[in-house]
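Asks: when you get a sec, could you give me coordinates for this:
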Amino acid sequence: MEEKEKKKKKKQKQQHPNDQNPKSTSEFSFKPCSDVKGLRFGGQFIVKSFTIRRARPLELISLLSLPPPKNTKSFFTSTTAFLPTNFTILAHHAWHTLTLGLGTKKSKVILFVFETANMKVAMDQIWPSEIPLGEVNRRLIRGSTGCEMARFKFRKGCITFYVYAVRRIGNLGFSCADDLRVILQSVVALKDFLDHTAMLAMPNQRSIGFAPPVAMAH
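Replies: Reported below is the predicted structural model:
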């Protein structure tokens, strides 16, 4: 009997976090911004100098593999996303090559879902449109005084998604719970990105979900 319980506990621990269903909004664990976990870099300190940029609405929709809405201006009005810059994509590849495969070429995507669209607009005016990854914890997360956040992390192949739900301290519930739920469910449903980085580095590439044509034998 004890052996069966041990095996059951071991199986639960081995479950991948991406296989778990997003929690209901009432179960989200909000913490003050000074206490919430930030980005993790392991021993790859050089990655902290790589930059991310604020995404345009259509880029976020493409990244999440969602159908394009009729009106992009009213879609995800509570969400600000940051994607790797082309410099970061190329730097990841260079670092991976120089270290003979030891350096990571995984990119980070960060999404902030605010409790209201007005809160997003206010934060966008304060936050830079481009920022080094190493500054995100200090300026965007710890620097959001008066706010509390709930953090979600998903590994999807070459991309690690960090999703933060943001609300004012003292507020109960989450007004934009529907946006947050759609984003979490969309990220969970995504397939692993095997080598999106080479595609993102292409200057004429507009769609993150682009698939290159398959070569035909003649």
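Asks: quick check, central residue of this protein?
Replies: F161 (2.9 Å; C-alpha atoms, centre = their mean).
Asks: so what's that one bridging to?
Replies: Beta-bridge partners recorded for F161 (DSSP bridges): V109, F154.
Asks: surely it meets I183?
Replies: No: between F161 and I183 there is no contact under C-beta atoms under 8 Å: 9.2 Å. (Glycine included, C-beta is placed from N, CA and C.)
Asks: overlap in contacts of the two?
Replies: L111 (C-beta atoms under 8 Å, 6 or more residues apart in numbering).
Asks: name the helix or strand for the closest residue to P32 other than its chain neighbours, please.
Replies: Distances taken as C-beta to C-beta, 6 or more residues apart in numbering put E148 closest to P32, at 5.2 Å, once the chain neighbours are dropped. Applying DSSP states H and E as the criterion places E148 in strand 147-156.
Asks: now do that strand: which elements does it pack against?
Replies: Contact partners of strand 147-156 among helices and strands, from 3 or more C-beta pairs under 8 Å, 6 or more residues apart in numbering; DSSP states H and E: strand 31-32, strand 159-168, helix 177-189.
Asks: pull out the buried positions in it.
Replies: Buried residues in strand 147-156, counted by 16 or more other C-beta atoms under 10 Å: 147-154, 156.
Asks: which one of those is nearest I89?
Replies: Relative to I89, the closest of the buried residues of strand 147-156 is K156; by C-beta to C-beta it sits at 15.8 Å.
Asks: go ahead and confirm the closest one touches F193.
Replies: Yes: K156 is within contact range of F193, at 5.7 Å (criterion: C-beta under 8 Å).
Asks: that older thread, contact partners for the residue nearest to the centre of the chain?
Replies: 109-111, 152-155, 187.
Asks: how about 7 Å then?
Replies: Listed by C-beta atoms under 7 Å, 6 or more residues apart in numbering, the contact set of F161 reads 109, 154, 187.
Asks: helix or strand for S62, which one?
Replies: helix 57-63.
Asks: measure how far that helix is from the centre of its chain, please.
Replies: Distance of helix 57-63 from the chain centroid (C-alpha atoms, centre = their mean, to the nearest Å) equals 12 Å.
Asks: and it, what's its mean pLDDT?
Replies: Taken as a whole, helix 57-63 has a mean pLDDT of 84.
Asks: and for stretch 171-187?
Replies: In the prediction, stretch 171-187 has an average pLDDT of 92.
Asks: for that stretch, buried residues please.
Replies: For stretch 171-187, burial by neighbour count (16+ other C-beta under 10 Å) applies to 174-177, 179-184, 186-187.
Asks: pick out the most distant pair among these.
Replies: Among these, S175 and V187 lie farthest apart (C-beta to C-beta), at 20.5 Å.
Asks: for R139, which non-adjacent residue is closest in space?
Replies: Excluding the flanking residues, the one nearest R139 by C-beta to C-beta, 6+ apart is I131, at 6.7 Å.
Asks: no further questions, thank you.
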